[in-house]
Structure formats: structure tokens, C-alpha cells
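**Student:** Provide a 3D model corresponding to the input given below.
(2 chains)
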Amino acid sequence: MKVIQSHNLSKSYGKTTALNDLTFEIEENTITGLIGRNGAGKTTLLKIMAGHIQPTHGELRIYSQKPFNNLERSAGTILIDDSMMYPDSFRLVDILSEVAPFYANWNNTLANGLFDYFSFNPNQLHSNLSKGSKSTFNSIIGIASRCPLTLFDEPTTGMDSAVRKDFYKALLKDYLKHPRTIILSSHLLSELEEILEEILLIKQGSKRLHLPVMELKELAVGIRGNAQILQPFVEGKELIYREEFAKDNLYIVLRKELLQQEGEVMKQKGLEVFPISTDDLCVYLTASNKGGIDNVFKKD
Amino acid sequence: MSLKKIDPLSISLRLYFYKLKGYSVLLYGLILAQIIALLFSLNGISYMSSNNGELSVSVNTYSASLVIVFSLVWIFYTAIQLTTKRYKRIEIPLVTNNITGHLSDIGFLMTACFFGGLTSSLAGVLLRVIIYFTFDRSQVIVDQFFLPFIDLLLGAAVSALYMILISAIGYLIGVLTKVSMAFVIVIPTVILGLLRVYADFVQTLVAFFTRETSFPLFVLKVLITSMLLFGFSFLLSNRREAVQ
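**Tutor:** Model prediction:
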């Protein structure tokens, strides 16, 4: 069943376009990674899903309802981001007990368990938490609320690597026990890909890719070697990425299917053919122009 | 999977209790404002003296009305506060939409008004007690000094009702400034302009509430006006994105 259906979704703030003609569907009970560069529109998309803002054009439906200003959708959705605020008079322990009645599936044991595990001080104020602790605390609420649609916007901002790993584990464990639709936005794809099932890659507000992670891993190959030998092989083919990293040395990335049987021939001619990590691939796919940062320095 | 129907009223009620606990800090502001007003009132609100050579008479009038004025200022400020982004953000981690957000805000304001009306009326009693024990009792004119219980209740109710009216105005102004920042300039300009050009109209408008002698009629006037103001605030913000 499709939980989220987005059709030609656009959102602009004044003259800036945050989302541009976005069409995609997300299946129920999957973990999807929303990947994109800074300013690609990830937060805007999540806020539309959570019903905090409404699209300028097109529409997005969640369980075939429009989420904006919709109480029923609000009850079934939670968006965890770093702008979450709580009244100043609530201590951390109060927040957990006060937020709980709003969510039908809230699990107190889990919330308290995670709270203790990450050794929070129950009497501390939310506004006094460090950046990483704030993210961790918000994530506890995200996991324990067990909303049918749980959205995390950059949940690991500021968390140290040990906490990040624990968070991914906790999320995955609870997801397996209580399946729900989870969307995580992040740019740390290398850490995340183990728990993700699907990846929605957006670039400047438009969809670039929407694939299962397994397919993305197999999507492209990289070839490195002498430019004169390499050039004839890739002539006329669409390249995902191309970089001349030294004189006469070329590095290219292209779809695996374009290569077919030529891979073996290339290896015999001394070219290096290797798989591309999803993290790098996403960077290449969202690059604004070919050549990357090196082009800036070439102009000297 | 569709969720079972969610009842807006029960959600509003849950939000109301959340806000009641969460915004208790705001009530400290009220208590502080009333204490300051009471301290000012200890000096008397007006002083009159006359002298004909042989006899000199000086009259100092004491009243706790300044406490009510300070409470009105506080509720006005609080009502505007509730419409700000900071307070709207507090609703975000919870289950809410525009209507439940507004209803729980109004519920919180009503409670604050009830509390403020009661305490400002009681501040009048406190002022009397302080005067009774600190002044030479023979110099206190007994007229209106001993407050009948029914008057105390009436005082509390009337000040609470004024606070409700002011909170509705403050809330609407808060919502208007969210619609457009231009209102920050437009509203004071319009008020000042009205005061200068249509002074009679403003006087009639103020008298409409302040000169009413029948209590039930006053209740009706205040409640209907406040409901209209709150309703207007709701209509203005219903399709708007509270937090971007």
C-alpha cells in the first residue's frame, strides 16, 4: 500500500523554489532515506509531509489525505527536527510524560529505557541540552511515539559516532518489532545505508532517483586509468561523473549497464574498474556541474 | 491503514492541560505585576489637602485599581505572546491543527483571566489589611472599607471579564502581525489616529463597556465581543502556515 503519494509537488518561498515538480510514492512500512545536498529541499518536503506547511502547486497525500491543518494526520505523524521546542517549565522527565498522552502508540517503557541508556539527567531543561543531546532526546520521542509515519530531519546532527550507531540500532530494532513508515533525511549516507531500504535522492528540489538501496549499490562503476586508452570506451556514453585528476589520467563514473562486456577488456588494457559506494554516487549525482571543486582551482 | 476518528475537542483539552502546566511561568509575570502595582498603591492614588488658616485637611485616597490596570497590561502582553512563533513551535511536537491550537490558547487565556481577576480583587483586600494594620485606625474613613463578600466576587468577575476582553484584543493583534508585519505600524497608527480624529467615537466605544450598570448585560457584551474577536483571529490564521 502506498502511504505517501506526491504528485507534481512544488513549493516556493517568495522567489526561491524549494521543491520543483516532485512526483514519487512511498510504500507502507519501509525505511526511506531522503538524501540531498544542503538546500536541496529535504526539510521543506518533510514539513509538507508533517502538515506544517502547504505546497504551492501539486499535491501530496498521506493515507490519501492532505496533511496540512489535518488533525487526524497530525495524530499519525511525528516530525523530529532540531527546531522542536518545549515549555521552559518542563524538565526532561516532564516532557516525556506530557507528550505521551498525545500519541496513541506511545511506549513508556521504551522511552524511559532509552532515556536511562543515554544517561540523561531527568531534572535538566531541554533548552540547556547540548546540540547532540538535544538530537538524541528528540530521537527518543520519535522512536517511542511509534507513529505510523515517523519523519526524522537530520536526526543525528551533533551526535557523536557512538550515539549515532546506537540510535540507528534502536530505530531498526523497534522498527522490526513495530513496523511503520520511516523517512530519514541525512547526508551521512554511508552510515545510514545499512538500515535503509529505499533511497529518494533529490537535487535542487527535483527528484534525481528513487531506488531500493540494493539497486543503487549496483547502479554504477568507476573506471580509472590512462585517458588515451579510456576515452574510446566511453565515447558517446552518458557519464555520471568525470574528473581528470592528473595529466593524462582520467576518472569516470557511469551506469553499469552501459558497460556490458567491455569491463573485462578494460581490465586487460590496464584500466582500473571498481564499484562506487552509494555515498560517492549520491555526491556525483547531485553535483551541480561536472568536474567538481577542482574546476575552481584550474582557473588560476 | 486509517486511524480512528480523532476528536478535536478532546485533543484541545489535552493541549489545554499541556499549556496550563507548561506556561505556568507566564503566571509569575502576573504575580510580579500585581505586587509592583500593590507597592505603588500603598502610597495612595490621589492626595488632596485644603487649608483655611486654622484647620487643615488632607485626604489620601487608596485604591487597588492600579492592580487591575497592571493585570490588564499583563494579559494583553500574554495574549500577544501566545501567537508568536516561539509559542506556536511548542505545539509542533504534539498532535495539533489550527483549531485545536487556538481553542487551547483561548482556554489558557480564560484561565489566566479568571486567576488574574480573582487575585486582583483579592489584592484590594490585601491593601485594606495593610492599611488597617499600618495606619492610625482613627484616620481611616470607614466608607467602602469593609468589603462585602458579594462585592468581592463581583469585583473579581468584572476584572476577569475586562481581562478577557483585553486578551481577545491582544490575541487578534498578535494574529494580525503574523499575517503581515505592516500591522505592527498600522495598528498603533490607527489607534492614535482614532483617538485624535474620532475622539467621540472612541469614547462611546469605551463607554459601551465601562458605563454599563447592569451586570448580566455587561457579561453579555464582553463575552459576545470577545467571541467575535477570537473568531476573527481564527478565521485569519486558519489557512496560514503557523511556523515555516
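**Student:** and B:Asp105, which of the three is it?
**Tutor:** Secondary structure, DSSP: H, G, I helix; E, B strand; the rest coil: B:Asp105 is helix.
**Student:** Number of residues surrounding the closest residue to chain A within chain B?
**Tutor:** Residue of chain B nearest chain A, by Cβ to the nearest Cβ: B:Gly22 (2.8 Å). All C-beta spots, glycine's among them, are computed from the backbone N, C-alpha and C. Using other Cβ atoms under 10 Å in any protein chain shown, B:Gly22 is surrounded by 21 other residues.
**Student:** Leaving out sequence neighbours, find the closest residue to it.
**Tutor:** Nearest in space to B:Gly22, with sequence neighbours left out and distances taken as Cβ to Cβ, 6 or more residues apart in numbering or on different chains, is A:Pro87 at 2.8 Å.
**Student:** Could I get the full set of helices for the stretch 1-150 of chain A?
**Tutor:** A:42-50, A:71-76, A:92-99, A:108-117, A:131-144 (DSSP state H, counting those that start in this stretch).
**Student:** Columns mean neighbour count and mean pLDDT on top of those, output as a markdown table?
**Tutor:** Formatted as a markdown table, the helices of the stretch 1-150 of chain A follow (neighbours: other Cβ atoms under 10 Å in any protein chain shown; pLDDT from 0 to 100):
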| stretch | mean neighbour count | mean pLDDT |
| --- | --- | --- |
| helix A:42-50 | 24 | 90 |
| helix A:71-76 | 23 | 85 |
| helix A:92-99 | 19 | 90 |
| helix A:108-117 | 15 | 92 |
| helix A:131-144 | 22 | 92 |
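**Student:** now these as JSON lines including distance to B:Asn238?
**Tutor:** Output for the helices of the stretch 1-150 of chain A, formatted as JSON lines (distance: least, Cβ to Cβ, whole Å):
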{"stretch": "helix A:42-50", "distance to B:Asn238": "18"}
{"stretch": "helix A:71-76", "distance to B:Asn238": "13"}
{"stretch": "helix A:92-99", "distance to B:Asn238": "25"}
{"stretch": "helix A:108-117", "distance to B:Asn238": "33"}
{"stretch": "helix A:131-144", "distance to B:Asn238": "28"}
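**Student:** Same list (these) but as TSV, adding distance to chain B.
**Tutor:** Output for the helices of the stretch 1-150 of chain A, formatted as TSV (distance: least, Cβ to the nearest Cβ, whole Å):
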stretch	distance to chain B
helix A:42-50	8
helix A:71-76	4
helix A:92-99	6
helix A:108-117	13
helix A:131-144	7
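**Student:** quick one: the residue in the stretch 101-250 of chain A that chain B sits nearest to and B:Ser104, what's the gap?
**Tutor:** Per Cβ to the nearest Cβ, A:Phe102 is where the stretch 101-250 of chain A lies closest to chain B, at 4.5 Å. Distance from A:Phe102 to B:Ser104, counting by Cβ to Cβ, to the nearest Å: 12 Å.
**Student:** swap in B:Gly231?
**Tutor:** The separation that B:Gly231 has from B:Ser104, given Cβ to Cβ, amounts to 16 Å.
**Student:** now do A:Leu110
**Tutor:** According to Cβ to Cβ, A:Leu110 and B:Ser104 sit 27 Å apart.
**Student:** One more: B:Leu236?
**Tutor:** 18 Å.
**Student:** Neighbour count: those two, which is higher?
**Tutor:** Between B:Leu236 and B:Ser104, counted using other Cβ under 10 Å, B:Ser104 has the larger neighbour count: 24 against 14.
**Student:** Tally up the residues packed near the residue nearest to that one when sequence neighbours are not counted, please.
**Tutor:** Leaving aside its chain neighbours, B:Ser104 sits nearest to B:Leu15 (3.6 Å; criterion: Cβ to Cβ, 6+ apart). For B:Leu15, the count of nearby residues is 25 (other Cβ under 10 Å).
**Student:** Okay, and the most centrally placed residue in chain B sits in which element?
**Tutor:** Centroid-nearest residue in chain B, with Cα atoms, centre = their mean: B:Met163, separated by 2.5 Å. Per DSSP states H and E, B:Met163 falls inside helix B:149-179.
**Student:** Buried ones in that helix, by neighbour count?
**Tutor:** For helix B:149-179, the buried set under the neighbour-count rule, 16 or more other Cβ atoms under 10 Å in any protein chain shown, comprises B:155-178.
**Student:** quick one: contacts for the closest residue to B:Ser237 other than its chain neighbours?
**Tutor:** For B:Ser237, ignoring the flanking residues on the chain, the nearest one in space by Cβ to Cβ, 6+ apart is B:Val175 at 5.2 Å. Listed by Cβ atoms under 8 Å, 6 or more residues apart in numbering or on different chains, the contact partners of B:Val175 are B:Thr83, B:Ser233, B:Leu236, B:Ser237.
**Student:** if you look at these, which of them are in helices?
**Tutor:** B:Ser233, B:Leu236, B:Ser237 (DSSP state H).
**Student:** For the residue lying closest to A:Phe68 once chain neighbours are set aside, grab the count of nearby residues.
**Tutor:** Leaving aside its sequence neighbours, A:Phe68 sits nearest to A:Gln54 (Cβ to Cβ, 6+ apart; 4.1 Å). Neighbour count for A:Gln54, taken as other Cβ under 10 Å: 17.
**Student:** And for A:Arg37?
**Tutor:** Each residue near A:Arg37 was counted by other Cβ under 10 Å, and the total is 17.
**Student:** what residues are up against it?
**Tutor:** Applying Cβ under 8 Å, 6+ apart, we find A:Arg37 in contact with A:His187, A:Lys203, A:Thr286.
**Student:** Can you give me the pLDDT of it?
**Tutor:** The model reports A:Arg37 with a pLDDT of 85.
**Student:** Now do it against A:Ser185, distance only.
**Tutor:** Counting by Cβ to Cβ, the gap between A:Arg37 and A:Ser185 amounts to 11 Å.
**Student:** Endpoint to endpoint, stretch A:233-253 covers what distance?
**Tutor:** Length of stretch A:233-253, first residue to last, Cα to Cα, to the nearest Å: 12 Å.
**Student:** A:Leu250 pairs with what?
**Tutor:** Per DSSP bridges, the residues bridged to A:Leu250 are A:Gly225, A:Glu244.
**Student:** Also the one 5 residues further on?
**Tutor:** Using DSSP bridges, the beta-bridge partners of A:Arg255 come out as A:Ala220.
**Student:** Settle this for me: it is touching A:Gly222, isn't it.
**Tutor:** No - the criterion here is Cβ atoms under 8 Å, and A:Arg255 misses it with A:Gly222 at 11.5 Å.
**Student:** Compare neighbour counts for these two and give me the winner.
**Tutor:** The residue with more neighbours, out of A:Arg255 and A:Gly222, is A:Gly222; 19 against 13, by other Cβ under 10 Å.
**Student:** need the contact list for that one.
**Tutor:** Counting by Cβ under 8 Å, 6+ apart, A:Gly222 touches A:Tyr251, A:Ile252, A:Val253, A:Val273, A:Phe274, A:Pro275, A:Ile276.
**Student:** helix or strand for the second one, which one?
**Tutor:** Okay, so that is A:Ile252. Assessed by DSSP H and E, A:Ile252 sits inside strand A:249-255.
**Student:** quick one: that strand to chain centroid distance?
**Tutor:** Here the centre of strand A:249-255 is set off from its chain's centre by 26 Å, with Cα atoms, centre = their mean, to the nearest Å.
**Student:** hmm, who's touching that strand?
**Tutor:** Outside strand A:249-255, the residues touching it (Cβ under 8 Å, 6+ apart) are A:219-227, A:230-231, A:234, A:237-245, A:276, A:280-281, A:284.
**Student:** returning to that earlier point: list only buried entries from the contacts of B:Val175.
**Tutor:** Buried subset of the contacts of B:Val175 (neighbour count, 16+ other Cβ under 10 Å): B:Thr83, B:Ser233, B:Ser237.
**Student:** Now these in TSV, please, with extra columns for pLDDT and distance to B:Leu42.
**Tutor:** Below are the buried ones among the contacts of B:Val175 laid out as TSV (pLDDT from 0 to 100; distance: Cβ to Cβ, whole Å):
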residue	pLDDT	distance to B:Leu42
B:Thr83	89	35
B:Ser233	91	38
B:Ser237	84	43
